[in-house]
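A.B. asks: Sequence first, then the predicted structure:
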Amino acid sequence: MARAPGLSIRLKLTLSYAGFLMLAGVLLLAAVWVFLLRYVPDRALIVPGSTGGLTPGVFPIRSNLLHVFAPRAAAVMAFLLLLGLVGGWVLAGRMLAPLRQITEAARTAATGSLSHRIRMTGRRDEFRELSDAFDSMLQQLDSQVAEQQRFAANASHELRTPLAISRALLDVARKDPARGRDELVERLYVVNTRAIDLTEALLLLGRGDRGTFTRGPVDLSLLAEEAAETLLPLAEQRGTSLDVTGGPAPTSGSAELLLRMVTNLVQNAVVHNLPAGGSVTVHTEADGGTSVLRVGNTGRRLPADLVPTLTEPFRRGRGTERVRTDEHAGAGLGLAIVHSIVRAHDGTLDLAPRPDGGLLVTVRLPGPP
């Protein structure tokens, strides 16, 4: 049920200003009465001439003074009321002008336009701080919406690719019944597996962004050993050595998500490595109140401007940027998932190119409470 519109803030401020001004006038008149008029005699006082320097004559009595003073006091009070209303309306309008700018910006943002900024000038006061905070919020929202739109477009493209391949394979099989079914089933299985992996990666990325998981005690060193044991056959197949060093690194979080984080880092380090004779090192340690995980690998030298973009969703290395093979084309979500999981666990992720080639990834997570 809609509520009836109330008084505007400007009108409330105007009435407040006028009320305070009238109160000040009443207090002033009360002070005149208490400290002046009450000492005027009620009856006429005749003072004869004397040597004391007093002028002979008749002094006014209190009733005469009130008769003359009351109309003028009422006129002054009426003037104060008018001045309070007019002046309060003008002053309230000037003081609320910045608030109207912020309101217009909010209405513009509500229509879906997040590129508008207030950029209020002048001295830094409460309205200026509110305006700057609102501009900062709009900038973050604009960036997040643009990122979500880019992510949705890339996800749609990635999911469309295996579906298009599956349809093409089925069309070929339908037009050529003599074509071997075993080959068709195998290729459809590969494409379907890729689509399932991509869907699971998207769901995992969204789960990390939302932070919807139950926290519990986790040791990164145990997760590192488990991930290394799982990926050791892949490392041996590629001729890459895999070493796990360090000590316990306790933290608090989701064991499932943190295991996926470590697995993605180790798998990326194995895949994006030298064709042969490469190495991957996984190190865990507790540094004060922080648990640290470092994953380093050998490989080609990475441009410094490329490294910060590796955590973006669907970012794939091209040409000499990253070394990949077709069997590990992936969806470009490995480091994006890692970044999402680290951020959901209130940690930090640092990527640094190694001078001799390869990448060093450092994850810092808060220790257990």
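C.D. replies: Perfect, I can see it now.
A.B. asks: all strands of the stretch 151-300 of the chain, in order?
C.D. replies: Using DSSP state E, counting those that start in this stretch, the strands of the stretch 151-300 of the chain run over residues 216-219, 241-246, 250-253, 279-287, 290-297.
A.B. asks: Just the mean pLDDT for stretch 311-330, thanks.
C.D. replies: Across stretch 311-330, pLDDT averages out at 50.
A.B. asks: ok so, going back, how about the strands of the stretch 151-300 of the chain in a markdown table, adding mean pLDDT?
C.D. replies: Output for the strands of the stretch 151-300 of the chain, formatted as a markdown table (pLDDT from 0 to 100):
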| stretch | mean pLDDT |
| --- | --- |
| strand 216-219 | 92 |
| strand 241-246 | 94 |
| strand 250-253 | 92 |
| strand 279-287 | 94 |
| strand 290-297 | 95 |
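A.B. asks: any chance of those in CSV, plus distance to residue 190?
C.D. replies: In this view, the C-beta of every residue, glycine as well, is placed from N, C-alpha and C. Shown next, in CSV, are those (distance: least, C-beta to C-beta, whole Å):
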stretch, distance to residue 190
strand 216-219, 34
strand 241-246, 26
strand 250-253, 34
strand 279-287, 26
strand 290-297, 27
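A.B. asks: Reformat the ones you listed as JSON lines; add distance to residue 145 and mean neighbour count.
C.D. replies: What follows is these, written out as JSON lines (distance: least, C-beta to C-beta, whole Å; neighbours: other C-beta atoms under 10 Å):
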{"stretch": "strand 216-219", "distance to residue 145": "33", "mean neighbour count": "16"}
{"stretch": "strand 241-246", "distance to residue 145": "41", "mean neighbour count": "15"}
{"stretch": "strand 250-253", "distance to residue 145": "28", "mean neighbour count": "21"}
{"stretch": "strand 279-287", "distance to residue 145": "37", "mean neighbour count": "20"}
{"stretch": "strand 290-297", "distance to residue 145": "32", "mean neighbour count": "22"}
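A.B. asks: which secondary structure element contains the nearest residue to residue 310 once chain neighbours are set aside?
C.D. replies: Residue nearest to residue 310 in three dimensions, not counting chain neighbours: residue 335, with 5.1 Å by C-beta to C-beta, 6 or more residues apart in numbering. Residue 335 belongs to helix 334-344 when assigned by DSSP states H and E.
A.B. asks: what comes up buried for the following helix or strand past that helix?
C.D. replies: Going down the chain from helix 334-344, the next helix or strand is strand 348-353, by DSSP H and E. For strand 348-353, the neighbour count (16 or more other C-beta atoms under 10 Å) marks 349, 351, 353 as buried.
A.B. asks: need those in a markdown table with distance to residue 9 and pLDDT, can you?
C.D. replies: Formatted as a markdown table, the buried residues of strand 348-353 follow (distance: C-beta to C-beta, whole Å; pLDDT from 0 to 100):
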| residue | distance to residue 9 | pLDDT |
| --- | --- | --- |
| 349 | 46 | 93 |
| 351 | 50 | 93 |
| 353 | 56 | 91 |
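A.B. asks: What number of residues are in the vicinity of residue 344?
C.D. replies: Residues lying near residue 344 (other C-beta atoms under 10 Å) number 19.
A.B. asks: Actually, residue 127.
C.D. replies: Using other C-beta under 10 Å, residue 127 has 19 other residues around it.
A.B. asks: so who does the nearest residue to it once chain neighbours are set aside touch?
C.D. replies: Nearest-residue entry for residue 127: residue 98, 3.8 Å, with adjacent residues in sequence omitted and distances by C-beta to C-beta, 6+ apart. The contact partners of residue 98, by C-beta atoms under 8 Å, 6 or more residues apart in numbering, come to 120, 127-128, 131.
A.B. asks: among those, which ones are buried?
C.D. replies: Buried among the contacts of residue 98 (16+ other C-beta under 10 Å): 120, 127, 131.
A.B. asks: can you confirm the last one is in a helix?
C.D. replies: Read that as residue 131. Yes - applying DSSP: H, G, I helix; E, B strand; the rest coil, one finds residue 131 inside a helix.
A.B. asks: In this structure it contacts residue 102, no?
C.D. replies: Yes - contact status for residue 131 versus residue 102: in contact at 5.9 Å, counting by C-beta atoms under 8 Å.
A.B. asks: Find the residues that touch each one of those two.
C.D. replies: Taking C-beta under 8 Å, 6+ apart as the criterion, residue 131 and residue 102 both touch residue 118.
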